[in-house]
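Colleague: Here is a sequence with its predicted model. Questions after.
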Amino acid sequence: MLKRIFNISHVFVALLTLIIVWICSLIAMNISFFDPIKRAMRDFSLSDVYYQVMQESGDVKESKLITIVDMTTLYDRGRIAQVIEEVNQCNPCVVGIDVMFEGLKGDTIGSEKLVEAICQTETPIVAFKLKEANPETGEFITARHSFFAPIEGLQEGYTNVQHVDLGGIIRHMSTWHLLNTDTVHSLSYHLASTFSPDILNEKTLQRQLIDYTPTLFPVVPYDSILENHHLIENRIVLLGAMNDDADMHYSPFGRTAGTCIQAYATQTLLEHQNTKELSLFWNIIISFIIIVLTDIFQCELTHRGKKSHQVTVRFLLESTFIKNVINFVWMAFLIWINFLIFAKLNVYFNPSIMLMGIVIQVEGRLFYLSGIATYRENKQMNQS
């Protein structure tokens, strides 16, 4: 039995399987006919499914650090200034304003009140957006600021959070970028570092996965600030829109308010939940090991089937259908293990290569057997 398990053929079968997977991937990437499939796969991540499973299982935690003030239906700048003043009365630790104000727009009095309210806030952080990146250097050239940006000492944080095509799922955040050679930081970075200055350091990654572990962020309506004093005191408070179609983006949970995504990004930094994505190298190595184990198991089943004296058992163990069912159960088990590692250790392993390899392992075995048979035939012909 040990000779069968440690047979070098399993290694060759796994290598052939990976080569077949690679060839199929090249075909899918370079033939336009497969574009719909390619686009669908590019925007798919099993981590999204994992977060949804956690949410549906009721495993949702309540945030004790971040509160959102919903200002979806509020447009009057004077009233917004009043909301900020009421938030200040509740003694928050940090106030983030995830709202863009484009110029004065005729509301001079309201704009003056708004600037005054922001100046009276102890730790305000306002939003701006980076625009027009240089494709060669990745450096941004321009930015769209709020009208009160020139206030001296006011912290600004950009709200751009993704580098994928418009409409894609937001999974990553960036903590800093270059704007005309100057380093600027994100809104979530400023919120986290202001709330806890010693929690971020030089090891903070520029680009990392957002931890979407299902979290209930308290949402306070703008007209109920003082009544919810306990949800604002000593917390990070984010003022933004929770139901504005213009600021809705796709997250693992579907259409999600941009302000809510900012809350998740801030929480990720505060809790050091830097989910580690295994590199392509480790994906291939792990997939190779799994394919070897799969081939060993399948060969052992075939061997047991041939040795069995019972016709039914022999038929079942040699049946392609049964082998496919076993492979399906094996893949489900591996995905579940992957989920546990992701949920408990914050390590994400993309199982695409592994799953494709398990499916194609039979073809790898057939290629190997065909190659051996051809080699033996040629050898016999040469000897004769």
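Modeller: Thanks, I have it.

Colleague: For the rest of this, base every contact and every neighbour count on C-alpha atoms.
Modeller: Noted.

Colleague: State the phi and psi torsions of T121.
Modeller: Note on T121: backbone dihedrals following degrees, to the nearest 10 are phi -80, psi 130.

Colleague: where does the residue nearest to it when sequence neighbours are not counted land on pLDDT?
Modeller: In this structure, T121 finds its nearest non-sequential neighbour in N88, 6.3 Å apart by Cα to Cα, 6 or more residues apart in numbering. On pLDDT, N88 comes in at 94.

Colleague: Name the helix or strand for N88, please.
Modeller: Element membership for N88 (DSSP states H and E) is helix 77-89.

Colleague: elements contacting that helix?
Modeller: With contacts defined as 3 or more Cα pairs under 8 Å, 6 or more residues apart in numbering; DSSP states H and E, helix 77-89 has these neighbours: helix 108-120.

Colleague: got the angle for the helix it packs on vs helix 77-89?
Modeller: Using axes from the mean of the first three to the mean of the last three Cα atoms, to 10 degrees, the direction of helix 108-120 lies 20 degrees away from that of helix 77-89.

Colleague: And the residue nearest the centre of the chain?
Modeller: Within the chain, the residue whose C-alpha comes closest to the C-alpha centroid is R171; the distance, by Cα atoms, centre = their mean, is 3.3 Å.

Colleague: what sits against that residue?
Modeller: R171 sits next to 162, 209-210, 251-252 when contact means Cα atoms under 8 Å, 6 or more residues apart in numbering.

Colleague: before we move on, what about S45?
Modeller: Under the criterion of Cα under 8 Å, 6+ apart, the neighbours of S45 are N350.

Colleague: Give me the local confidence score for it.
Modeller: S45 is assigned 76 on the pLDDT scale.

Colleague: for the chain, where's the lowest mean pLDDT among helices and strands?
Modeller: Of all regular secondary-structure elements in the chain, judged by mean pLDDT, DSSP states H and E, the least confident is helix 35-42 with a mean of 57.

Colleague: For burial, what's the neighbour tally of the residue nearest to T121?
Modeller: Applying the criterion other Cα atoms under 10 Å, we find 23 residues in the vicinity of N88.

Colleague: quick one: T194 and T121, what's the gap?
Modeller: To T121, T194 is 13 Å away according to Cα to Cα, to the nearest Å.

Colleague: before we move on, what about L239?
Modeller: 13 Å.

Colleague: any common contacting residues for the two?
Modeller: Residues touching both L239 and T121 comprise V95, with contact defined as Cα under 8 Å, 6+ apart.

Colleague: Buried ones in the helix or strand where V13 lies, by neighbour count?
Modeller: For V13, the enclosing helix or strand under DSSP H and E is helix 9-30. When neighbours are counted by 16 or more other Cα atoms under 10 Å, the buried residues of helix 9-30 are found to be 9-18, 20-21, 28.

Colleague: just stretch 225-243 next, same as before
Modeller: When burial is assessed from 16+ other Cα under 10 Å, stretch 225-243 yields the following buried residues: 225-226, 229, 231-243.

Colleague: Stretch 76-85 now?
Modeller: The neighbour-count criterion (16+ other Cα under 10 Å) identifies 77-85 as the buried residues of stretch 76-85.

Colleague: now those in JSON lines, with distance to G258?
Modeller: Below are these laid out as JSON lines (distance: Cα to Cα, whole Å):
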{"residue": "R77", "distance to G258": "21"}
{"residue": "G78", "distance to G258": "24"}
{"residue": "R79", "distance to G258": "22"}
{"residue": "I80", "distance to G258": "19"}
{"residue": "A81", "distance to G258": "21"}
{"residue": "Q82", "distance to G258": "23"}
{"residue": "V83", "distance to G258": "20"}
{"residue": "I84", "distance to G258": "20"}
{"residue": "E85", "distance to G258": "23"}
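
Colleague: Cool, thanks, talk later.
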